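>>> here is the input, now give the coordinates:
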Amino acid sequence: MASIIDDRGYNQGFELVKSTEIRMRRRADLLLSEMDNLQNKSMMEIGCGTGEIAFWMAEKVPAKVLSTDLCVPFIEEAAKKYKLPNLRYEVLDFNKADEFKGETFDYIVGNGILHHLYYHLDECFVNMRKLLKDNGKLIFMEPNIFNPYIYLIFSFAPLRKAANLEPDEMAFSKSWITKKLQASGYKDIKVEYRDFLLPGIPDILIKPSIVAGDVLEKLPLVNKVSQSIFITATKA
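Next up, the predicted model:
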């Protein structure tokens, strides 16, 4: 399955074959499931890539959606392809609050972006707090280091190279990210094991994978090898 490569040569996702699109749409719905009363609310997605998740969310809710990435070609592609009155795409760095000119958000969300910031998360979480409104919320899906496939590609140099991973990119555990959020002053932290649907699997396996995954997510110990961890936390 072909990867989506950014302007630095690193893998930032997979092309939208049927299973991958279903997987990403389910993640967009999961992000939205943690939001309430979205009339007159705002959200920012960081690390949006080519912009699909922000578009799918903006289609379903009245909230204002700002979708950001540091990759100029990604943002240019998304802005041309996806157009809605409550959606905009911009090249912005959330670590530079002055770029936002005082704009703040009810929600900051992302799919597979925090692990790119592994060695800088303490600073990043502080900067995100500056961009959140009072009682604003973080909502993220991230790769789970206890998943065998993810453990292998992140832990061994030849596999990292084959997967075009960034040098500082690293998956993490539920307990590790919980401690990071606690230390950065967030409250109501919830981290769950989610998603057993692999990107790029044959179409015939999509529905059985979803059905099986919905069961496996609820089984202690078994759910620990899920594809991802689902993270929510509120600004204290």
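>>> specify the local secondary structure of the residue of the chain most remote from its centre.
Among the C-alpha atoms of the chain, the one most distant from their mean position (C-alpha atoms, centre = their mean) is that of I204, at 26.4 Å. Going by DSSP: H, G, I helix; E, B strand; the rest coil, the secondary structure assigned to I204 is helix.
>>> the one 3 residues further on too?
Secondary structure assignment for K207 (three-state DSSP): helix.
>>> the residue farthest from the centre of the chain and L16, how far apart?
According to C-beta to C-beta, to the nearest Å, I204 and L16 sit 18 Å apart. Just so you know, the C-beta spots here come from the backbone N, C-alpha and C atoms, and that holds for glycine as well.
>>> can you check the pLDDT for F154?
Per-residue confidence at F154 stands at 97 (pLDDT).
>>> how many neighbouring residues does it have?
For F154, the tally of surrounding residues (other C-beta atoms under 10 Å) stands at 20.
>>> can you tell me the element it falls in?
helix 148-155 (DSSP states H and E).
>>> report all helices and strands that that helix contacts.
If you count contacts as 3 or more C-beta pairs under 8 Å, 6 or more residues apart in numbering; DSSP states H and E, helix 148-155 packs onto helix 157-162.
>>> so where do the helices sit in this structure?
18-33, 52-60, 72-81, 121-131, 148-155, 157-162, 174-183, 206-216 (DSSP state H).
>>> point out where the protein drops to low pLDDT.
Within the chain, the stretches with pLDDT under 70 are 1-2.
>>> name the residue closest to the centre of it, please.
Most central in the chain (C-alpha atoms, centre = their mean) works out to N111, at 1.3 Å.
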